[in-house]
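[1] task: produce atomic coordinates for the following.
(2 chains)
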Protein chains: 2
Amino acid sequence: MTENNNQVLSKYNQLKSEVRRSVQSTAVADLIYEIFIESKSYLESKTMIQLVSRVVGKDYFAFQDGNKKTRAISNVLFTDLETVDVFWNKFNEGTLERTDSDLIQKALYTQAMSFCASIDLIKTRDQKTPGTFFEYFIAYFFSKIIDCEPERSIPILSMDDDQMRLPTDFIYNLGRNRQKFHMPIKTSSRERAIMLWAHQKLLDGVYGNGRFMGTPVLLAETKLNQRNLEVVEICLPDQWQLYQMYISKLKRVYYLDLPNGYQQLNNLFPPIAVKPFSDFFFEWESLIPI
Amino acid sequence: MTENNNQVLSKYNQLKSEVRRSVQSTAVADLIYEIFIESKSYLESKTMIQLVSRVVGKDYFAFQDGNKKTRAISNVLFTDLETVDVFWNKFNEGTLERTDSDLIQKALYTQAMSFCASIDLIKTRDQKTPGTFFEYFIAYFFSKIIDCEPERSIPILSMDDDQMRLPTDFIYNLGRNRQKFHMPIKTSSRERAIMLWAHQKLLDGVYGNGRFMGTPVLLAETKLNQRNLEVVEICLPDQWQLYQMYISKLKRVYYLDLPNGYQQLNNLFPPIAVKPFSDFFFEWESLIPI
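    Next up is the predicted model:
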């Protein structure tokens, strides 16, 4: 392992201990940025190979190191250091506007993907590290935007035992009499998407319909065939519609790389609002009726 | 790859094409038995290592081939060829009785585990092959016992489109006016258990509560730490109770290696009937009110 690999992982380990104190601290922001710089520097020495995209209108590449390849990375969304810096400046100054949606989406995608791609090469078949990083990464921005620290478990009533706690995805309690956010954060959903609706159903059951608003955030649904270098998007839109009708209602599904196959769900019945995550920066207040 | 490996995989490929014709044919039964014989012969040349069991009252071992180890195998449940032969003879003659529960459980566990363990050594990190085999393996016995061919998708009504079909776990339609079985078959559930209840909820929604009876069948919930050779059971009984209360009702959860952590759920509220799969052989008719 080179020194750079160690830097990526050692910064990630610092992040893991820092988020235990607070998800939205300046220390977390600094580590997210430093992890991006280290990942970027690590990837710069690797070969870039263009992939065979079977996704209409989207091109993908991967970094390669010997036999190892990273996951598929969007040519258009993966951007440069300058763009990421502009994003951070505007984010810290609070000057991001609707017209910056593209900037936000690209800067977030690039930072998340740089770390995930580095881990794809540094480790072998490690899905946990990218998944955990992506959780902290998105939770930082979500928490900062709505100025609220998330919780990872909720109390459950029982007639028999003392209060139990259920471990959950990120829960944001905005205060008395206000709707709360239920935010699963995943790098992809694939054939496990039903879990997003099932966890929402559980919260609806325990706390009543509508108390929690489900707004999962996902990275992408691309899948790279390592042999022929083909990239496809794994989408099950018909099944999502059944989940939305028969299990529970999700308010939004946010993506950094929004899959073609889910885009259409915005305009079908039952409507499922599948949006770029950048939309959250500007619409979050309007989502909450009270 | 030795000739034996090839035999295990080549028989498995034959099984895959045979089940497309019928899950409960004599050809399928023959292949299940032949796969066991080939797997057994493959494993006989491997080293057996005793594992450090952290599961109260249960001991586990693994087969080893160079650096590769199989999953954890129960010392007590893994039995010999003679026991498997006695089981098959009685099963084919229809002479299995309640007092044979132990025989059934051991013979099924040994056959399922012999194939899964072989694949653990032949392939690398392949969960799909053991998972698919286990589906066909259990589906064969289930189908044969209730004399019914399973379906893998169900029709969904839509006001807008022609009838859609939803891909599902195994569905057994016993005929007009009778309850139908909804049977997911998995080698383990781990943190994905909520999917069992969510799929049941979906069927309840589309076809009405109670039309389908959820009776998943699982192999085990053991997890082997490859470094220190410790075996634990991953059980989340509190969460299962919440799923049973707030998502849907499962009628049974059957196991070949019933985890300690779920045994207790039979006697708590809400009751979840977690049983050895051998029970199904004798109780299935009493499960169906009509």
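[2] would you map the strands across the stretch 1-150 of chain A?
    A:47-50, A:52-53, A:60-65, A:68-69, A:73-74 (DSSP state E, counting those that start in this stretch).
[3] what's the first one packed up against?
    Same thing as strand A:47-50. Contacts defined by 3 or more Cβ pairs under 8 Å, 6 or more residues apart in numbering or on different chains; DSSP states H and E place strand A:47-50 against strand A:60-65. Backbone N, C-alpha and C define where each C-beta goes, glycine included.
[4] tell me which strands and helices the strand it packs on is in contact with?
    With contacts taken as 3+ Cβ pairs under 8 Å, 6+ apart, strand A:60-65 sits against strand A:47-50, strand A:73-74, helix A:101-122, strand A:222-224.
[5] so what strands line up beside the last one?
    So the one you mean is strand A:222-224. Note on strand A:222-224: by DSSP bridges, its sheet partners are strand A:230-233 (antiparallel).
[6] any buried residues in the partner strand, and which?
    A:230-233 (16 or more other Cβ atoms under 10 Å in any protein chain shown).
[7] go on, stretch A:48-55?
    For stretch A:48-55, a neighbour-count test (16+ other Cβ under 10 Å) marks A:51, A:53, A:55 as buried.
[8] pLDDT and distance to chain B added to those, as CSV?
    Output for those, formatted as CSV (pLDDT from 0 to 100; distance: Cβ to the nearest Cβ, whole Å):
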residue, pLDDT, distance to chain B
A:L51, 98, 23
A:S53, 98, 25
A:V55, 97, 22
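[9] pick out whichever of the residues you listed sits closest to B:E285.
    The shortest gap between B:E285 and any of those belongs to A:V55, at 50.4 Å (Cβ to Cβ).
[10] distance of the closest one from A:Y254?
    19 Å (Cβ to Cβ, to the nearest Å).
[11] do the same with A:L166
    As judged by Cβ to Cβ, A:L166 and A:Y254 stand 23 Å apart.
[12] so which of the two has more stuff around it?
    Shown here are A:L166 and A:Y254; by other Cβ atoms under 10 Å in any protein chain shown, A:Y254 has more neighbours (21 against 15).
[13] I'd assumed the more buried one was in a helix, is it?
    No: assessed with DSSP: H, G, I helix; E, B strand; the rest coil, A:Y254 is strand; it does not lie in a helix.
[14] and it, what's its pLDDT?
    Note on A:Y254: pLDDT of 98.
[15] for the closest residue to it other than its chain neighbours, list the residues it contacts.
    Excluding its sequence neighbours, the residue lying closest to A:Y254 (Cβ to Cβ, 6 or more residues apart in numbering or on different chains) is A:F277, at 4.1 Å. Applying Cβ atoms under 8 Å, 6 or more residues apart in numbering or on different chains, we find A:F277 in contact with A:104-105, A:108, A:138, A:217, A:254-256.
[16] go again with 10 Å.
    Residues in contact with A:F277 (Cβ atoms under 10 Å, 6 or more residues apart in numbering or on different chains) are A:101, A:104-105, A:108-109, A:112, A:138, A:141-142, A:215, A:217-219, A:252-258.
[17] among the residues you listed, which ones are buried?
    Listed as buried from the contacts of A:F277 are A:101, A:104-105, A:108-109, A:112, A:138, A:141-142, A:215, A:217-219, A:252-258; burial here means 16+ other Cβ under 10 Å.
[18] residues of chain A that sit close to chain B?
    A:124-125, A:156, A:158-161, A:164-167, A:191-199, A:201-206, A:236, A:238-239, A:241-243, A:245-248, A:268-269 (Cβ under 10 Å from any Cβ of the partner chain).
[19] buried members of these into ChimeraX, please.
    ChimeraX command restricting those to the buried ones, with burial defined by 16+ other Cβ under 10 Å:
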select /A:156,164,193,194,195,196,197,198,199,201,202,203,204,206,236,238,239,241,242,243,245,246,247,248
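[20] in strands, which of the residues of chain A next to chain B fall?
    Judged by DSSP state E, strands contain the following of those: A:156, A:164-167.
[21] rebuild the residues you listed as JSON lines, extending it with pLDDT.
    Formatted as JSON lines, these follow (pLDDT from 0 to 100):
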{"residue": "A:I156", "pLDDT": "86"}
{"residue": "A:M164", "pLDDT": "81"}
{"residue": "A:R165", "pLDDT": "86"}
{"residue": "A:L166", "pLDDT": "87"}
{"residue": "A:P167", "pLDDT": "89"}
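[22] got these as JSON lines, with distance to B:I32 columns?
    Below are these laid out as JSON lines (distance: Cβ to Cβ, whole Å):
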{"residue": "A:I156", "distance to B:I32": "43"}
{"residue": "A:M164", "distance to B:I32": "43"}
{"residue": "A:R165", "distance to B:I32": "44"}
{"residue": "A:L166", "distance to B:I32": "40"}
{"residue": "A:P167", "distance to B:I32": "39"}
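[23] now the residue of the stretch 1-150 of chain A found nearest chain B: phi and psi?
    Of all residues in the stretch 1-150 of chain A, A:R125 sits closest to chain B, at 6.2 Å by Cβ to the nearest Cβ. The phi/psi pair for A:R125 (degrees, to the nearest 10) reads phi 50, psi 40.
[24] could you measure from it over to A:R71?
    Distance from A:R125 to A:R71, by Cβ to Cβ: 12 Å.
[25] and what of A:E93?
    33 Å.
[26] which of these two has more neighbours?
    Shown here are A:E93 and A:R71; by other Cβ under 10 Å, A:R71 has more neighbours (21 against 8).
[27] excluding chain neighbours, give the residue nearest to A:Q111 in space.
    A:F36 (4.5 Å).
[28] what's the local residue count around that neighbour?
    If we define neighbours as other Cβ under 10 Å, then A:F36 has 24 of them.
[29] isn't it up against A:T83?
    No: the criterion here is Cβ atoms under 10 Å, and A:F36 misses it with A:T83 at 11.6 Å.
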